[in-house]
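> Structural data only, the sequence is not supplied:
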């Protein structure tokens, strides 16, 4: 029998023939969604800064990075070492800010670019953390940590000079993620290299890189880390930070670990350092009992209920937090960290949060989503409960969204300084440079010399 085909009837698709979007369309949609997420989170991050803080150039952003752009040009300034280290990403942002906006808008541009960089790190970690936990609410908590870090606006947020603390948080996620394609591997290599070439302390993750290379057959990010750290070591040897040995004995051992409880742990619970200092004077060490107990409880639960991967990640997070804090404090050689010798007057006037607490605090906050991931895997909570915990975690961080104070809230205003320098240059044709003040005003490079050729009206 001959089979009759009705060419006039529409052909029905089999289930396996269901039309799907073209791969290029899918990629375009993903890029657009991620770009929108970076923009939204960047503005959310920027909103945490007081208006004058956004208009203030902080430390190396003006006294080193912009100075070198003005004297060496955009590309030649990027690989220059300063204080024994390379700062590739911060210098690139400074060069970009100077290139795309008028000089008067440099402070706002640097502030916004730095906040967008933190937002990009947040979005990247949301995807990279899939190597540790598939759960969306868990990864949302992880991604929120850099954006909503309680002490972020105090000093580290909104300037490229302290962007390296957020890059330190990014590095282990780059190492843990296993790329599934050649382009993804190239992106992991470039990301790890640029991160390591911007923060020498990423060298503490070299053991993790070795593990990722030989146990997970992931070579891209480890290779980038090794190359970046190698260049950092070369920069340190050729342009050392210290003329002699590092002053490693300036801070006593008890104060180093007491400081860990005060700043990385204490700053999570008390976003305002004045509140914590007052509680220390009134109640002594008991002021740190609850936050320290929570850290211990979260770690213990993950070690008991979590799988092998979560256990190792939790221990790694705690280890990274402690190591980052100890290395920063010991190598600083600053006697302000001798908390064991503080008097009541010292607590009232000399105690305050400092940038060294940022990365350690982020690694400690990671214990919360890791505990939730362990609870999900164990069946102690369901997906709906996990979203509820995520909401509570975000609410806890949002309590400290607007800071009580920042180190830049008093200026000086960069745009006003540029205006004054322009007036001075135009009033005196023989003047070669104009001086613009930046924060902190007591810093050794608190004055930026701007060539009058850039300040005078064309």
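Thanks, I have it. Since we're looking at a predicted model, the values are computed, not measured.

> Pass me the low-pLDDT residue ranges in the stretch 201-350 of the chain, would you?
242-249 (pLDDT under 70).

> Kindly recompute the last result at 90.
215-218, 239-252, 285, 330-336, 349-350 (pLDDT under 90).

> what about the residue nearest to the spatial centre of the chain, which helix or strand?
Centre of the chain computed as the mean C-alpha position; nearest residue by CA atoms, centre = their mean is residue 166, 1.3 Å away. Under the criterion of DSSP states H and E, residue 166 resides in helix 163-176.

> And that helix, what does it pack against?
helix 88-100, helix 106-128, helix 136-148, helix 182-196, helix 206-215, helix 220-238, helix 308-332, helix 358-365 (3 or more CB pairs under 8 Å, 6 or more residues apart in numbering; DSSP states H and E). C-beta: built from backbone N, CA, C; applies to glycine.

> Flag every buried residue along that helix.
Buried positions in helix 163-176, judged by neighbour count with 16 or more other CB atoms under 10 Å: 163-176.

> and the spatially closest residue to residue 263 that is not a sequence neighbour, what is it in contact with?
Distances taken as CB to CB, 6 or more residues apart in numbering place residue 357 nearest to residue 263, at 3.7 Å, with adjacent residues excluded. By CB atoms under 8 Å, 6 or more residues apart in numbering, residue 357 lies in contact with 151, 263, 264, 267, 325.

> how close does residue 357 sit to residue 314?
The spacing between residue 357 and residue 314, counted by CB to CB, to the nearest Å, is 20 Å.

> what do you get for residue 401?
27 Å.

> These two: which has the busier surroundings?
residue 314 (23 against 15; other CB atoms under 10 Å).

> what about residue 31, how many residues close to it?
Residue 31, neighbours per other CB under 10 Å, totals 10.

> just checking, what packs against the strand or helix carrying residue 266?
Element membership for residue 266 (DSSP H and E) is helix 266-269. Where contact means 3+ CB pairs under 8 Å, 6+ apart, helix 266-269 is packed against helix 273-283, helix 289-305, helix 358-365.

> Pull out the buried positions in that helix.
266, 267, 268, 269.

> what's near enough to touch the third one?
With contact taken as CB under 8 Å, 6+ apart, residue 268 is in contact with 150, 291, 361, 364, 365.

> ok, these vs residue 437, which is closest?
residue 150 (29.2 Å; CB to CB).

> Now distance to residue 228 too, for the contacts of residue 357, in JSON lines please.
Shown next, in JSON lines, are the contacts of residue 357 (distance: CB to CB, whole Å):
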{"residue": "151", "distance to residue 228": "27"}
{"residue": "263", "distance to residue 228": "27"}
{"residue": "264", "distance to residue 228": "25"}
{"residue": "267", "distance to residue 228": "28"}
{"residue": "325", "distance to residue 228": "22"}
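
> Of those residues, which is the nearest to residue 285?
residue 263 (14.5 Å).

> Count the residues that sit near the residue nearest to residue 318 when sequence neighbours are not counted.
Nearest residue to residue 318, sequence neighbours excluded (CB to CB, 6+ apart): residue 299, at 6.1 Å. Neighbours of residue 299 under the rule other CB under 10 Å: 19.

> And residue 193, by the same measure?
22.

> So what's the residue count around the closest residue to it other than its chain neighbours?
Leaving aside its sequence neighbours, residue 193 sits nearest to residue 224 (CB to CB, 6+ apart; 3.6 Å). For residue 224, the count of nearby residues is 26 (other CB under 10 Å).

> so what's residue 416 scoring on pLDDT?
pLDDT, residue 416: 96.

> so how far is residue 340 from the residue nearest to residue 263?
Taking CB to CB, one finds residue 357 at 17 Å from residue 340.

> which ones are touching the residue nearest to residue 318?
Residue 299 sits in contact with 314, 315, 318, 367, where contact means CB under 8 Å, 6+ apart.

> and those residues, which are buried?
Members of the contacts of residue 299 classed as buried by 16+ other CB under 10 Å are 314, 318, 367.

> Now residue 109: closest residue in space, sequence neighbours ignored.
Once flanking residues are discounted, residue 109 sits nearest to residue 97: 3.9 Å by CB to CB, 6+ apart.

> let me fix that: residue 160
Residue 160's closest residue in space is residue 90 (CB to CB, 6+ apart), at 3.7 Å.

> Would you check that the one you found makes contact with residue 163?
Yes. Between residue 90 and residue 163 a contact is recorded at 5.4 Å, counting by CB atoms under 8 Å.

> Between these two, which contacts overlap?
Joint contacts of residue 90 and residue 163 (CB under 8 Å, 6+ apart) are residue 198.

> returning to what we had before: just the pLDDT for the residue nearest to residue 263.
96.

> Please apply the same query to residue 438.
96.

> Tell me the spacing between it and residue 110.
11 Å.

> Quick check: neighbours shared by the two?
In contact with both residue 438 and residue 110: 57, 61, using CB under 8 Å, 6+ apart.

> These two - which one has more neighbours?
Neighbour count, other CB under 10 Å: between residue 438 and residue 110, residue 110 has more, with 30 against 25.

> Please look at that one and residue 59 and confirm they touch.
No. Residue 110 is not in contact with residue 59 according to CB under 8 Å; the separation is 11.1 Å.

> between the two, what contacts are shared?
With CB under 8 Å, 6+ apart as the test, residue 110 and residue 59 both reach residue 159.

> any residues touching stretch 451-458, and which ones?
70, 103, 418, 421, 422, 425, 426, 431, 432, 433, 434.

> in it, what counts as buried?
452, 454, 455.

> Strands of the stretch 301-450 of the chain, start to end?
With strands called from DSSP state E, counting those that start in this stretch, the stretch 301-450 of the chain shows them at 433-437, 447-451.

> related to what we said a few turns ago, can you list the helices and strands packed on helix 163-176 in TSV and add distance to residue 53?
Shown next, in TSV, are these (distance: least, CB to CB, whole Å):
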stretch	distance to residue 53
helix 88-100	16
helix 106-128	8
helix 136-148	17
helix 182-196	25
helix 206-215	35
helix 220-238	30
helix 308-332	23
helix 358-365	16
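
> Distance check, residue 110 against residue 404.
Taking CB to CB, one finds residue 110 at 24 Å from residue 404.
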